[in-house]
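**Q** quick one: sequence plus predicted model below, questions after.
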Amino acid sequence: MNRWALVILVALGALAFLPLAGPRDDVLNFVFLILLSITLAQSWNIVAGYAGQVNLGHAAFFGLGALLARVLWIHGLPIVAAMLAGAALATAFALVIGAPAFRLRGAYFAIGTLALGEILRTTVNNVLPEISTLPAATIAGYRLTQRYYLALALAAVSVVAVAALAGSRAGLGMQAIREDEEAAEASGVGALRLKLTALALSTALAGLAGGLFAYYHISYYPSHPFGPQWTFDALLMTYIGGVGTLHGPVLGAVLYVVLKEYLAVRWVDFHLLIFGALFIAIVLLLPGGLVQAQHVIIRTLARRRPR
Amino acid sequence: MSLLAQQLVLGVLIGGLYGLAAAGLSLVFGVMKVLDVAHGELIMLGGYAAFFAVALLGLDPFGSLALVIPLSLLLGVVLYLGLFGFVVRADEETRVKNSLLIGFGLALALHALAVRLWTADERSIVTPYGGSVLMVGDIAIPLVRLLSLLLAFLLIGGLHLLLARWRWGKAIRAASEDWQAALLTGIDVRRAYLLAFAIGTALAGAAGTLVSIAYSISPSIGLEWTLKALIVVVLAGLGSMLGTFVGGLVLGVAEAASAATFGGAYREVVGLVIFVLVLIARPKGLFGR
């Protein structure tokens, strides 16, 4: 467990007291969005940041988790069990497509998964074109704080999962693959097995996040969580914060949601212009994201200090 | 029967635009190993440029190409000097990956900008001869779509000649075969790259013009057209522009056939399934010559 994990968990722990202060609903909704985004970004970060595989079909797993969890929950299963079932479905699908998909390297994996995600979205949109709305009784019993605490727990789980992974033997193997797959294989790292492990863990978290989405929203089109914008959001948050780090995606998620909600008041979707440009700048100039910027600043300040 | 024939004919007509859309992507990827996933957004921009050239300047719809192509060339130069020129300094694998990410950021930004400037509404250029239909037996061929197909073919043929005969066309091909060898023979590889990228963007602009005449445009068509172009490039391979055009026709026909079989809702799926299967079957030889 590193220092950042502790800092983030303490911050999340402090947020547990927020509902006790009796805040307005919009405050709780706002923090909920941040927490969901942290989970989504962190889940994408596992496979892209640690194992180095840019998965552009991530929304498919978010969507699958939402799809199954919603159905089971509406039919009376407790939400946590329904979410776990959704995550299991997402992971099962990941393992089925994983082996053929990982025959693709680098950017080809990226465009291949993008196509897979779009296939799934179109299919779901065709099979389930009707909007999914909660039954009236469920709406009457809707409590925002329940959603809030579930989101808080899930964000904590995602942070703990990534922190545990980063220091583990498997995590180190994944990072070796990210840096140089051939060299990693030559040193005895089982690349395919570890990439599948990363994908399984990543999609399980994405599936859980999807379940949370299904629990939170009163009505939405079943194909909505399959939309590519969920992948793009996760990618932007992770890269802008710092891909392949524990605190980068958290920082990215907070910044992303804050700016998005702030701008949305006047200009819908305008945040994408800013984040698109910021993202390009980061890929070109600061591949480590804002986390790297912080290191650069600290180093510069340290150099200035008189000896 | 004639319904199926009708759909196949419409498939061929849109297939020509798929080919034109893919030609620019294929050129840029083949020459520079830069995978510009904002290609669809460049098509979208070309469509808007044509739309406003017709609406504000009163140009003839097809005549607007004379304005859109130079503008797109210029945009290509700007994008290369400002963004993609930095990517080609890296080794090939990093090039593909970074260009993908940059193209992706560019796509998001251009989409947001287009929504901001021109709203999310769908638009289409209204031509004076818009409703004209050519009847062959009981098959109706919309005139503007037929003209678009012909223009797409002419543009790709022109590009083919340019690459085959023109001095710099040969330089572009040399740089794509082996840039180090090209450099050693005294070819200015950087300039060949700049030209290839500018021409690729101009092709996107031309494709966008034809799309806005024969079909319709909106800020969100980018991803769809990028995927179409990627599918065609995977189908046709790199290196032959005429092959890319044929690949576009094949995709158009495959979509029409699948729409006729499974219903229109799945017409987007067939191309993507072909795409994934070809990718997985040829993971290394992908985009091969």
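**A** Thanks, I have the structure now.
**Q** which residues touch the helix or strand that contains B:A152?
**A** Using DSSP states H and E, B:A152 falls within helix B:143-165. Residues outside helix B:143-165 that contact it (C-beta atoms under 8 Å, 6 or more residues apart in numbering or on different chains): B:10, B:12-14, B:16-17, B:19-20, B:23, B:27, B:61-62, B:65, B:127, B:129-130, B:132-134, B:169-170, B:172-173, B:199, B:203, B:206-207, B:210, B:213-214, B:241-242, B:244-245. In short, each C-beta sits where N, CA and C put it, glycine included.
**Q** mind doing that once more with 7 Å?
**A** Under the criterion C-beta atoms under 7 Å, 6 or more residues apart in numbering or on different chains, residues B:13, B:16-17, B:19-20, B:23, B:62, B:127, B:129-130, B:132-134, B:169, B:172-173, B:203, B:206, B:210, B:213-214, B:241-242, B:245 lie in contact with helix B:143-165.
**Q** which of the residues you listed fall in helices?
**A** Assigned to helices by DSSP state H, the following of the contacts of helix B:143-165 qualify: B:13, B:16-17, B:19-20, B:23, B:169, B:172-173, B:203, B:206, B:210, B:213-214, B:241-242, B:245.
**Q** I'd like the mean pLDDT over the helix holding B:A152, please.
**A** Helix B:143-165 shows a mean pLDDT of 90.
**Q** now do that helix: distance to the chain's middle.
**A** Relative to its parent chain, helix B:143-165 has a centroid offset of 12 Å by C-alpha atoms, centre = their mean, to the nearest Å.
**Q** repeat that for stretch B:198-208.
**A** Centroid displacement of stretch B:198-208 relative to its chain, using C-alpha atoms, centre = their mean, is 7 Å.
**Q** what sits against the closest residue to chain B within the stretch 201-307 of chain A?
**A** Proximity of the stretch 201-307 of chain A to chain B (C-beta to the nearest C-beta) peaks at A:G276, 3.1 Å away. Each residue near A:G276 by C-beta under 7 Å, 6+ apart is listed here: B:G105, B:L106, B:L108, B:A109, B:A112.
**Q** just the element for it, please.
**A** Judged by DSSP H and E, A:G276 forms part of helix A:271-285.
**Q** check which residues of that helix are buried.
**A** By 16 or more other C-beta atoms under 10 Å in any protein chain shown, the buried positions in helix A:271-285 come out as A:H271, A:L272, A:L273, A:F275, A:G276, A:A277, A:L278, A:F279, A:I280, A:I282, A:V283, A:L284.
**Q** flag the shaky bits of the chain, pLDDT-wise.
**A** Answering for chain A, as no chain was given. Counting by pLDDT under 70, chain A shows low-confidence ranges at A:1, A:268, A:305-307.
**Q** I was after chain B.
**A** Counting by pLDDT under 70, chain B shows low-confidence ranges at B:1, B:130, B:283-289.
**Q** all strands for it, in order.
**A** Taking DSSP state E, the strands of chain B run over residues B:133-136, B:139-142.
**Q** same deal with chain A?
**A** Secondary structure of chain A (DSSP E): strands located at A:132-133, A:219-220.
**Q** ok, A:A66 touching A:H224?
**A** No - with contact defined as C-beta atoms under 7 Å, A:A66 does not reach A:H224; the gap is 8.5 Å.
**Q** what's the residue in chain B that chain A sits nearest to in contact with, if anything?
**A** As assessed by C-beta to the nearest C-beta, chain A sits closest to B:A109 within chain B, at 3.1 Å. B:A109 makes contacts with A:L272, A:L273, A:G276, A:A277, as judged by C-beta under 7 Å, 6+ apart.
**Q** what does the stretch 101-250 of chain A have sitting close to chain B?
**A** Residues of the stretch 101-250 of chain A lying close to chain B by C-beta under 7 Å from any C-beta of the partner chain are A:103-104, A:106-108, A:110-112, A:115-116, A:118-119, A:122-123, A:126, A:228, A:232.
**Q** now, of the residues you listed, which are buried?
**A** By 16+ other C-beta under 10 Å, these give A:103-104, A:106-108, A:110-112, A:115-116, A:118-119, A:122-123, A:126, A:228, A:232 as buried.
**Q** now, those that are in helices?
**A** Using DSSP H, those in helices are A:106-108, A:110-112, A:115-116, A:118-119, A:122-123, A:126, A:228, A:232.
**Q** and those residues, which two are the farthest apart?
**A** Farthest apart among those by C-beta to C-beta are A:G106 and A:N126. That separation is 31.5 Å.
**Q** longest single helix anywhere in chain A?
**A** Per DSSP H, chain A has its longest helix at helix A:191-216.
**Q** that one: which residues count as buried?
**A** Neighbour-count burial for helix A:191-216 flags A:191, A:194-216 (criterion: 16+ other C-beta under 10 Å).
**Q** what about the helices in the chain?
**A** Answering for chain A, as no chain was given. Counting by DSSP H, chain A has these helices, from start to end: A:3-15, A:25-45, A:58-74, A:79-101, A:106-127, A:136-140, A:144-167, A:169-179, A:181-186, A:191-216, A:228-241, A:247-264, A:271-285, A:289-304.
**Q** that's the wrong chain, I wanted chain B
**A** Assigned by DSSP H, chain B shows helices spanning B:2-32, B:39-57, B:65-79, B:85-87, B:92-118, B:143-165, B:167-177, B:179-184, B:189-214, B:222-236, B:241-262, B:267-281.
**Q** export the ones you listed to TSV and tack on distance to A:A253?
**A** Putting the helices of chain B into TSV (distance: least, C-beta to C-beta, whole Å) gives the following:
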stretch	distance to A:A253
helix B:2-32	32
helix B:39-57	26
helix B:65-79	30
helix B:85-87	27
helix B:92-118	17
helix B:143-165	44
helix B:167-177	41
helix B:179-184	40
helix B:189-214	33
helix B:222-236	23
helix B:241-262	38
helix B:267-281	30
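**Q** for A:R303, find the nearest of those.
**A** With C-beta to C-beta as the measure, helix B:85-87 is the member of these nearest A:R303 (26.7 Å).
**Q** ok, and what's touching the closest one?
**A** Applying C-beta under 7 Å, 6+ apart, the external contacts of helix B:85-87 come out as A:L284, B:V34, B:R95, B:N98, B:S99, B:I102.
**Q** select from these the one having the most neighbours.
**A** If you count neighbours using other C-beta atoms under 10 Å in any protein chain shown, the busiest of the contacts of helix B:85-87 is B:S99, which has 28 neighbours.
**Q** from memory it sits against B:V34, does it?
**A** Yes - B:S99 is in contact with B:V34 according to C-beta under 7 Å; the separation is 4.1 Å.
**Q** so what sits against both of those two?
**A** Contact criterion C-beta under 7 Å, 6+ apart; residues shared by B:S99 and B:V34: B:F84, B:V87.
**Q** surely A:V162 touches A:Q42?
**A** Yes - here A:V162 reaches A:Q42: they are 5.4 Å apart, a contact under C-beta under 7 Å.
**Q** any idea which residue sits dead centre in chain A?
**A** A:L40 (1.6 Å; C-alpha atoms, centre = their mean).
**Q** and that residue, what does it touch?
**A** Applying C-beta under 7 Å, 6+ apart to A:L40 gives the contacts A:F62, A:A206, A:A209, A:W230, A:D233, A:A234.
**Q** just give me the closest of the residues you listed to B:A140.
**A** Set against B:A140, the nearest of the contacts of A:L40 by C-beta to C-beta is A:W230 (41.0 Å).
**Q** state the distance from A:A183 to A:S168.
**A** 20 Å (C-beta to C-beta, to the nearest Å).
**Q** who are the contact partners of B:V246?
**A** Neighbouring residues of B:V246 by C-beta under 7 Å, 6+ apart: B:A236.
**Q** phi and psi next, for A:L246.
**A** Here is the backbone geometry of A:L246 (degrees, to the nearest 10): phi -80, psi -40.
**Q** that one against A:A163, yeah?
**A** Yes - the pair A:L246 / A:A163 is scored as a contact, 5.5 Å apart, by C-beta under 7 Å.
**Q** so the two - more neighbours on which side?
**A** Neighbours per residue, other C-beta under 10 Å: of A:L246 and A:A163, the larger number sits with A:L246, 25 against 21.
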